[in-house]
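**Student:** Structure for this input, please:
(one chain, ligands or ions: 1)
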Amino acid sequence: MATHAGELSGKEGAGEPIRVKGLTRLYGERAVLDGLDLEIAPGEFVALLGQSGSGKSTLLRALAGLDGDVAGTGLVEVPEQVSVVFQDARLLPWQRVLDNVILGLDGAVERGRQSLAEVGLAGRERAWPNELSGGEQQRVALARSLVREPRLLLADEPFGALDALTRLKMHGLLRRLFEEHRPAVLLVTHDVDEAIALADRVLVLDHGRIAAEQRLDAARSATEVRSELLRALGVGEVPAGRRDGRPHRDG
Ligand SMILES: Nc1ncnc2c1ncn2[C@@H]1O[C@H](COP(=O)(O)OP(=O)(O)OP(=O)(O)O)[C@@H](O)[C@H]1O
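**Tutor:** Numbering: from 1, shown residues only. Sure thing, here's the model as predicted:
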């Protein structure tokens, strides 16, 4: 598929949609993805929820082209520039922060600096990864993705290992970066509220297919969308005052 990063301007997403048609992925006899269809528009932010083991990471790896060893069939059309962010930052410990960001890119020092500034790490270019907090390391991972100007950003629980406050800050950062750069985004998360806070559209994966879809727009309140998503996830209503989806603890 042709890529159009050079044409990207302003707040519109550019390029062609991401298309998945009839995607099946097998582990042994078992179809973890089972004829899955999915389309993401350029510049659209989609979150993917699903019970543990429902195949979210398998789908993300298929989109990233990281599942060459897994049996399956189906069509996957993605832009050439795809970046992936994982739960752990996966920085090279023997490379300084800036070198991690521009790894494998020629003549990208200035762009690397800019990306680090965008994620709030100006001045930390020469730090070693182990001198950074977990949240800062994830910022570096975001900068490393951004500097490649992805047309599709795949994120697998990118904030799952962070404390709640840092996670909230990272939500603000990710959404701001998204608004500025407008890649299409597929964010895998366990957190219904994170999905609602960040995405334009939230999907629920179940038995290897998209089982539910909710759009976040002015027509419906976040509370309504949340209830629908919890229902689709097979979770009952959460008592008022508990917004994290966990049951009340006794005592
Ligand atoms: N390499 C593998 N070999 C065999 N089975 C696998 C392999 N990778 C994943 N699976 C199985 O495929 C299913 C889907 O896994 P996947 O990691 O995609 O789920 P997930 O929705 O991302 O789960 P979680 O939310 O717990 O991260 C699981 O039942 C898992 O055990």
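
**Student:** tell me what the longest helix along the chain is packed against?
**Tutor:** Using DSSP state H, we find that the single longest helix of the chain is helix 164-181. When contacts are defined as 3 or more C-beta pairs under 8 Å, 6 or more residues apart in numbering; DSSP states H and E, helix 164-181 sits against helix 134-146, helix 192-198. C-beta here means a position set from N, CA and C on the backbone, and glycine is covered the same way.

**Student:** and the residue lying closest to residue 213 once chain neighbours are set aside, what is it in contact with?
**Tutor:** Computed as C-beta to C-beta, 6 or more residues apart in numbering, the closest residue to residue 213 that is not its neighbour in sequence is residue 203, at 5.4 Å. Neighbouring residues of residue 203 by C-beta atoms under 8 Å, 6 or more residues apart in numbering: 38, 46-49, 210, 212-213.

**Student:** mind redoing it with 6 Å?
**Tutor:** 48, 210, 213 (C-beta atoms under 6 Å, 6 or more residues apart in numbering).

**Student:** For it, give its distance to residue 147.
**Tutor:** Separation of residue 203 from residue 147 (C-beta to C-beta, to the nearest Å) stands at 28 Å.

**Student:** Count the neighbours of the closest residue in space to residue 34 that isn't next to it in sequence for me.
**Tutor:** Nearest residue to residue 34 in three dimensions, chain neighbours excluded: residue 208, at 3.2 Å (C-beta to C-beta, 6+ apart). By other C-beta atoms under 10 Å, the residues close to residue 208 number 22.

**Student:** from what I can see residue 208 touches residue 38, true?
**Tutor:** No: when contacts are counted by C-beta atoms under 6 Å, residue 208 is not listed as touching residue 38 (11.8 Å).

**Student:** and for the two, which residues touch both?
**Tutor:** What both residue 208 and residue 38 touch, as defined by C-beta under 6 Å, 6+ apart, is an empty set.

**Student:** For the helices and strands packed on helix 164-181, give me CSV that also has mean neighbour count and distance to the ligand.
**Tutor:** Output for the helices and strands packed on helix 164-181, formatted as CSV (neighbours: other C-beta atoms under 10 Å; distance: least, C-beta to the nearest ligand atom, whole Å):
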stretch, mean neighbour count, distance to the ligand
helix 134-146, 23, 17
helix 192-198, 21, 13
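
**Student:** Arrange the ones you listed in JSON lines, one row each, with mean pLDDT as further columns.
**Tutor:** Compiled in JSON lines, these are given as follows (pLDDT from 0 to 100):
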{"stretch": "helix 134-146", "mean pLDDT": "95"}
{"stretch": "helix 192-198", "mean pLDDT": "95"}
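
**Student:** Residues of the stretch 1-150 of the chain that sit close to the ligand?
**Tutor:** Contact residues, the stretch 1-150 of the chain versus the ligand (C-beta under 6 Å from any ligand atom): 27, 32, 50, 52-58.

**Student:** Let's see the ChimeraX selection covering just the buried ones among these.
**Tutor:** In ChimeraX, this line selects whichever of these come out buried by 16 or more other C-beta atoms under 10 Å:
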select :32,50,54,55,56,57,58
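
**Student:** what does the average pLDDT come to for the longest helix of the chain?
**Tutor:** Computed over helix 164-181, the mean pLDDT rounds to 94.

**Student:** What are the buried residues along it?
**Tutor:** Neighbour-count burial for helix 164-181 [16+ other C-beta under 10 Å]: 166-167, 170-171, 173-174, 177-178, 181.

**Student:** same question, stretch 118-135
**Tutor:** 118-119, 121, 124-125, 129, 132, 135.

**Student:** Inside helices: which ones of the residues of the stretch 1-150 of the chain next to the ligand?
**Tutor:** Using DSSP H, those in helices are 56-58.

**Student:** can you list the domain ranges for this protein.
**Tutor:** 41-81+150-234, 93-148 (the TED database).
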